[in-house]
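>>> Could you work out the structure for the sequence below:
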Amino acid sequence: MRLSRVILRLVISLALAIAILWAGAALWIDGPESRVLAGALVGAIVLIAGLAAVLLRPWSKAVLAIFACCAIVLGWWLSIAPSNTRDWRPDVARLPTASVDGSLLTIRNVRNFTYRSDQDFSERWETRSYDLDTLVGVDLLISFWGPTLYGHTITSWEFADGGHLAVSIETRKEKGEEYSALKGFFRQYELYYVIADERDVVGLRTNHLGETVQLYRIRASADKGRALLLDYVKAINAIAKQARWYNALTQNCTTTIWHHTRVVGSGPSLDWRLLANGQLVDLAYERGTVNDEFGLDELKRRSDITARARSAGDIEGFSRTIREGLPPRP
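I've put the predicted structure just below:
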């Protein structure tokens, strides 16, 4: 009994330390622009927690006092509202919206830029229509910029006429703003659905950012693919009305896809590989969601479209070219 009480006390103490660390980081990152004021608030909460731990008895009172301080910070943090009206970077300046009339899906502000580099491009925003009755299937693309434990995921829908609709869930950055992995866990970036031509959103990564991209055809019925796309449309229109926060843990490029797949009843159970998304294909392979006629390593090798994307450049047949020689849809 004595040992169990010691262990419980250690667990609670660890939880308190994490809560204080989070509260301090939230005040520093999402708090006042003045670094002096933000630093003073961080110092204050650490001081209060320290005094409570030393002075309050019994120990349970100190625990309640520290958690109360962190709860106040959490309440403030949750009240920070995202916005659709900031000085956005040109590549995320316009919010896509969509409408459905029978089987006809019309999307406004589809991005189809021509890139000379990742910073030098000609803007082209288009309105495109897609016949949902001709949906062939869904593809998953994973882009790597270095280590393969983590990557960026993109979903793409294929139609019978050879058209493709790619959606990349990203941060909506302001002019002069860059992505920070640490800030991604806080309320620094709004969530943005890049609705784009594959030549734009995939070609940008392979041809100008130097990334490696793999493309996997997914086992899913046309009805499931349609339901998934329509759930995306619902989120896209909702964001156009009210901005949402991006979060590197709960609302990122992969966990947001997972939320959509769970809504339509086709997503996997919660798995650590949803966070270490470079291993996402391993999970899909185990579930039979991707082509399993090959060994996993061979599937990954055959699914690497980087060289084909770079050779295709900016041609009209980009989507067809990157799929040449791919393992067939399971």
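>>> quick one: contacts for residue 106?
Going by Cβ atoms under 8 Å, 6 or more residues apart in numbering, residue 106 touches 98, 99, 100, 127, 128, 129, 130. In this view, the C-beta of every residue, glycine as well, is placed from N, C-alpha and C.
>>> In ChimeraX, select just the buried ones from the residues you listed.
ChimeraX command restricting those to the buried ones, with burial defined by 16 or more other Cβ atoms under 10 Å:
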select :98,128,130
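>>> Tell me which of the contacts of residue 106 fall in helices.
Among those, DSSP state H puts none in helices.
>>> closest to residue 181 among the contacts of residue 106?
For the contacts of residue 106, the residue nearest residue 181 by Cβ to Cβ is residue 98; the value is 30.8 Å.
>>> ok, back up a step: how about JSON lines for the contacts of residue 106, with pLDDT added?
Formatted as JSON lines, the contacts of residue 106 follow (pLDDT from 0 to 100):
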{"residue": "98", "pLDDT": "98"}
{"residue": "99", "pLDDT": "98"}
{"residue": "100", "pLDDT": "97"}
{"residue": "127", "pLDDT": "98"}
{"residue": "128", "pLDDT": "97"}
{"residue": "129", "pLDDT": "97"}
{"residue": "130", "pLDDT": "97"}
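>>> Can you tell me which of the contacts of residue 106 is nearest residue 301?
So of the contacts of residue 106, ranked by how close each gets to residue 301 (Cβ to Cβ), first place is residue 130, at 31.6 Å.
>>> My guess is that closest one contacts residue 107. True?
Yes. Counting by Cβ atoms under 8 Å, residue 130 touches residue 107, with 7.5 Å between them.
>>> hey, what's in contact with both of the two?
Shared contacts of residue 130 and residue 107 (Cβ under 8 Å, 6+ apart): residue 165.
>>> Any stretches of the chain with poor pLDDT?
Within the chain, the stretches with pLDDT under 70 are 1.
>>> All the strands of it, in order from the start?
Here the chain has its strands, by DSSP state E, at 97-101, 104-111, 114-115, 121-122, 125-131, 135-144, 152-159, 164-172, 190-196, 212-217.
>>> angle of the fifth one against strand 152-159?
Which is strand 125-131. Calculated by axes from the mean of the first three to the mean of the last three Cα atoms, to 10 degrees, strand 125-131 forms an angle of 50 degrees with strand 152-159.
>>> got the end-to-end distance for stretch 177-188?
Stretch 177-188 has an end-to-end distance of 10 Å (criterion: Cα to Cα, to the nearest Å).
>>> which parts of it are buried?
Applying 16+ other Cβ under 10 Å to stretch 177-188 flags 177, 183, 184, 185, 186, 187, 188 as buried.
>>> and the closest residue to the second one other than its chain neighbours, what does it touch?
In this case it means residue 183. Nearest non-adjacent residue to residue 183, counting by Cβ to Cβ, 6 or more residues apart in numbering: residue 29, 5.9 Å away. Shown in contact with residue 29 (Cβ under 8 Å, 6+ apart): 182, 183, 186, 188.
>>> likewise residue 205?
Residue 205 sits next to 143, 152, 211, 213 when contact means Cβ under 8 Å, 6+ apart.
>>> Quick one, which of those residues are buried?
Buried members of these, counted by 16+ other Cβ under 10 Å: 143, 152, 211, 213.
>>> The first one contacts residue 207, correct?
What that stands for is residue 143. No. Contact between residue 143 and residue 207 fails when scored by Cβ under 8 Å: they sit 12.0 Å apart.
>>> max-length helix in the protein?
The longest helix of the chain (DSSP H) is helix 2-30.
>>> Count the neighbours of the nearest residue to residue 280 once chain neighbours are set aside for me.
Once flanking residues are discounted, residue 280 sits nearest to residue 273: 5.6 Å by Cβ to Cβ, 6+ apart. For residue 273, the tally of surrounding residues (other Cβ atoms under 10 Å) stands at 17.
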